[in-house]
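1. coords please:
(one chain, ligands or ions: 1)
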Amino acid sequence: MRRRVPAGLDRAVPAFVQPMIGRRAVLATGVGVALAGCTGTPPTPESKRFDPKDWDSVRAQFPLDPGLAHFAAFVLAAHPAPVRAAIDRHRAALDADTSAVLHGAVDHEQRARTAAAGYLGADPGEVALTDSTTMGMGLLCAGLKLKPGQDIVTTEHDFFGSHEALRLLSERTGAPVRRARLYDDPAAANEGDIVARLRAAVGPRTRLVVITWVHSSTGVRLPVKTIAGMLAELNAARDPADRALLAVDGVHGFAAVDTTVTDLGCDFLTAGTHKWLFGPRGTGLLWSRAWAAVAPVIPSFSAGDTPGSLATPGGYHSFEHRWAVTEAFEFHQAIGRDRIAARIREQATRLKDGLAAIRNVRLVTPRDPDLSAGLVMCALPTVSPVEAVGRLRADHKIVASVTPYAEPFLRFGPGIVTTPGQVDQVIKAVAAFG
Ligand SMILES: Cc1ncc(COP(=O)(O)O)c(C=O)c1O
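-> Got it, this is the predicted structure:
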């Protein structure tokens with residue numbers, strides 16, 4: 001995926017792309033350096049008061065209504081203070097002198113990519129910046145190079161975005177897509193069965209396996225590392241250019257489970273940074289260690305010839321959001337990725353234990369914290385999930401959500417904006433449904 005920039009192109013491309021293409025020349029004039037400096041990230045008054053070791057202080061960074069218990073905050077992020085401040089700063093600068101700020105675009109984008117790579121445990125050159133999980137999956141499926149006769153395997157449990165991207169890939173190439181069923185009862189799902197069922201679906205010509213790290217339908221967390229190990233065994237006998245690649249929609253594991261891409265062992269990871277990370281709305285990433293298998297789909301405006309840069313869709317963006325991804329990663333790392341994962345696990349376990357003890361509640365998500373993450377789903381025989389969400393909000397000031405799948409469940413997502421005390425309130429409120 002190398003891009004050749006013909007001589008003279010800089011006269012024909014948008015103004016902000018020019019410093020990206022001719023970065024050295026711009027920096028040599030001093031313009032880029034000066035502007036990058038003046039739109040940097042000085043500490044804000046809010047972030048000075050922020051104590052990352054204190055969960056109340058962490059919650060106080062969010063503008064979320066304190067009169068509500070926010071168990072659906074993972075659906076689309078509210079912006080914590082450092083992220084709001086960064087967005088405001090970039091927006092004000094862009095509004096005041098757009099042209100000048102665009103000269104610093106290269107540096108802002110690179111900071112965001114480097115912050116993402118630091119979190120992922122990856123090389124910045126492997127990270128494409130996107131607008132969402134869905135965009136990452138779309139870029140992968142639209143750009144995947146396939147040979148005649150190759151096929152794709154996915155599962156029944158993935159989000160609509162993955163299934164639709166694969167349908168479009170199948171229409172474009174004619175490649176068949178098979179869906180495996182990895183468990184019948186999510187509460188009883190187990191690692192051995194999941195891996196065996198997926199393995200049975202992979203054929204000798206399977207080029208891509210698409211899975212979802214944490215199912216937003218059931219809360220089941222897949223054993224991605226073990227699945228990657230299973231595929232590595234199958235791939236050992238194959239030509240490296242034909243090996244089955246593992247792509248993961250990681251959005252409900254990313255920043256909720258403390259894992260790097262090396263630990264996961266997958267080839268592609270797509271995730272929005274606007275859910276569990278609480279990054280700017282409309283931001284995400286696509287990471288890969290196998291970029292050679294994918295052709296770019298949208299022309300890139302990014303600097304450099306790394307695969308991640310070339311796969312980053314070009315065009316002008318809502319840059320104040322994209323560049324403030326850096327502060328979202330800094331906020332997360334300041335609190336501690338391990339502490340956040342433990343906080344989520346502690347509350348999810350407390351919630352599952354409490355719900356499982358209520359007569360007439362069917363816990364859908366596995367109790368085992370290694371087979372689940374922050375999402376907790378349940379079914380109530382007497383109240384529909386939609387009605388339950390309405391009553392929880394109206395009568396108990398608890399915000400929950402309904403799973404957007406054929407079989408809907410009542411869904412909670414405890415995290416850094418909720419407390420163990422609020423988890424107990426949820427359990428009490430659900431018990432009151434009878
Ligand atoms: C598993 C899964 N993937 C992807 C998405 C969409 O994420 P994004 O808005 O980042 O595209 C969702 C829900 O919003 C989801 O549950």
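
2. hmm, Leu375 and Ile344 touching each other?
-> No. Assessed by C-beta atoms under 8 Å, Ile344 is found out of contact with Leu375, at 9.7 Å. For every residue, glycine as well, the C-beta is placed using N, CA and C.

3. can you classify Gln211 as helix, strand or coil?
-> Check again: residue 211 is Ile, not Gln. strand (DSSP: H, G, I helix; E, B strand; the rest coil).

4. also Val195?
-> Following three-state DSSP, the label given to Val195 is helix.

5. so how many other residues sit close to whatever residue of the chain ends up closest to the ligand?
-> Per C-beta to the nearest ligand atom, Gly272 is where the chain lies closest to the ligand, at 2.7 Å. Other residues near Gly272 number 28, with proximity taken as other C-beta atoms under 10 Å.

6. what are the bridge partners for it, then?
-> Beta-bridge pairing for Gly272 (DSSP bridges): Gly284.

7. would you indicate which residues of stretch 334-341 are buried?
-> For stretch 334-341, burial by neighbour count (16 or more other C-beta atoms under 10 Å) applies to 335, 337, 340-341.

8. which parts of the stretch 1-150 of the chain sit against the ligand?
-> With C-beta under 6 Å from any ligand atom as the criterion, the stretch 1-150 of the chain meets the ligand at residues 132-134.

9. so how far is Ala388 from the spatially most central residue of the chain?
-> In the chain, the centroid-proximal residue (C-alpha atoms, centre = their mean) is Ala271; its distance is 2.2 Å. Relative to Ala388, Ala271 is positioned 28 Å away (C-beta to C-beta, to the nearest Å).

10. please enumerate the strands of the chain.
-> 69-70, 127-130, 151-155, 177-180, 206-212, 245-249, 268-272, 284-288, 362-363, 376-379, 398-399, 401-402, 410-412 (DSSP state E).

11. will you turn the ones you listed into TSV that also has mean pLDDT?
-> Output for the strands of the chain, formatted as TSV (pLDDT from 0 to 100):
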stretch	mean pLDDT
strand 69-70	98
strand 127-130	98
strand 151-155	98
strand 177-180	98
strand 206-212	98
strand 245-249	98
strand 268-272	98
strand 284-288	98
strand 362-363	98
strand 376-379	98
strand 398-399	98
strand 401-402	98
strand 410-412	98
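
12. relative to Pro296, which of those is closest?
-> strand 127-130 (9.1 Å; C-beta to C-beta).

13. direction included, what does that closest one pair against?
-> Its sheet considered, strand 127-130 pairs with strand 284-288 (antiparallel) by DSSP bridges.

14. any residues touching the strand it pairs with, and which ones?
-> For strand 284-288, contacts defined as C-beta atoms under 8 Å, 6 or more residues apart in numbering pick out 116-117, 120, 122, 126-133, 135-136, 139-140, 251, 261, 267-274, 294, 307-308, 311.

15. tilt between it and strand 268-272?
-> If you take axes from the mean of the first three to the mean of the last three C-alpha atoms, to 10 degrees, strand 284-288 sits at 170 degrees to strand 268-272.

16. quick one, strand 284-288 and strand 245-249 angle?
-> With the same axes, to 10 degrees as the basis, strand 284-288 and strand 245-249 are set at 160 degrees to each other.

17. on that earlier part again, who's more crowded, Ile344 and Leu375?
-> For Ile344 versus Leu375, neighbours defined as other C-beta under 10 Å are more numerous around Leu375 (29 against 25).

18. state the distance from the residue of the chain closest to the ligand to Thr133.
-> Between Gly272 and Thr133 the computed distance is 4 Å (C-beta to C-beta).

19. would you list every one of the helices in the stretch 151-300 of the chain?
-> For the stretch 151-300 of the chain, the helices defined by DSSP state H, counting those that start in this stretch occupy 160-173, 191-201, 224-235, 261-264.

20. now the second one: buried residues?
-> By neighbour count with 16+ other C-beta under 10 Å, helix 191-201 contains the buried residues 194-195, 198-199, 201.

21. hang on, isn't His90 packed against Phe319?
-> Yes. When contacts are counted by C-beta under 8 Å, His90 is listed as touching Phe319 (6.3 Å).

22. overlap in contacts, those two.
-> Both His90 and Phe319 are contacted by 101, 108, under the criterion C-beta under 8 Å, 6+ apart.

23. ok, the residue nearest to Glu327 when sequence neighbours are not counted - how many residues close by?
-> Nearest residue to Glu327, sequence neighbours excluded (C-beta to C-beta, 6 or more residues apart in numbering): Ala86, at 4.1 Å. Per other C-beta under 10 Å, the neighbour tally for Ala86 reads 27.

24. same question, Ala188
-> Using other C-beta under 10 Å, Ala188 is surrounded by 9 other residues.

25. ok, now how distant is the residue nearest to it when sequence neighbours are not counted from Met230?
-> Nearest residue to Ala188, sequence neighbours excluded (C-beta to C-beta, 6+ apart): Pro366, at 7.7 Å. Look at Pro366 and Met230: by C-beta to C-beta, they are 20 Å apart.

26. so Val106 sits against Ser309, correct?
-> No. Val106 lies out of contact with Ser309 (C-beta under 8 Å); the separation is 10.0 Å.

27. between these two, what contacts are shared?
-> Shared contacts of Val106 and Ser309, defined by C-beta under 8 Å, 6+ apart, comprise Ala303.

28. contact partners for the residue lying closest to Ala115 once chain neighbours are set aside?
-> Ranked by C-beta to C-beta, 6+ apart and with sequence neighbours excluded, the top spatial neighbour of Ala115 is Phe329, at 3.9 Å. Each residue near Phe329 by C-beta under 8 Å, 6+ apart is listed here: 115-116, 118-119, 273, 277, 279.

29. buried only: go through those residues for me.
-> If you count burial by 16+ other C-beta under 10 Å, the buried members of the contacts of Phe329 come out as 115-116, 119, 273, 277, 279.

30. any regions of the chain where pLDDT drops low?
-> Where the chain drops to pLDDT under 70, the residues are 1-48, 434.

31. got the domain ranges for it?
-> The chain is divided into the following domains under automatic domain parsing: 120-331, 337-431.

32. any idea how far apart the tips of the longest one sit?
-> For domain 120-331, the first-to-last residue distance is 15 Å (C-alpha to C-alpha, to the nearest Å).

33. now swap in the shortest one and tell me
-> Start-to-end span of domain 337-431 (C-alpha to C-alpha) is 33 Å.
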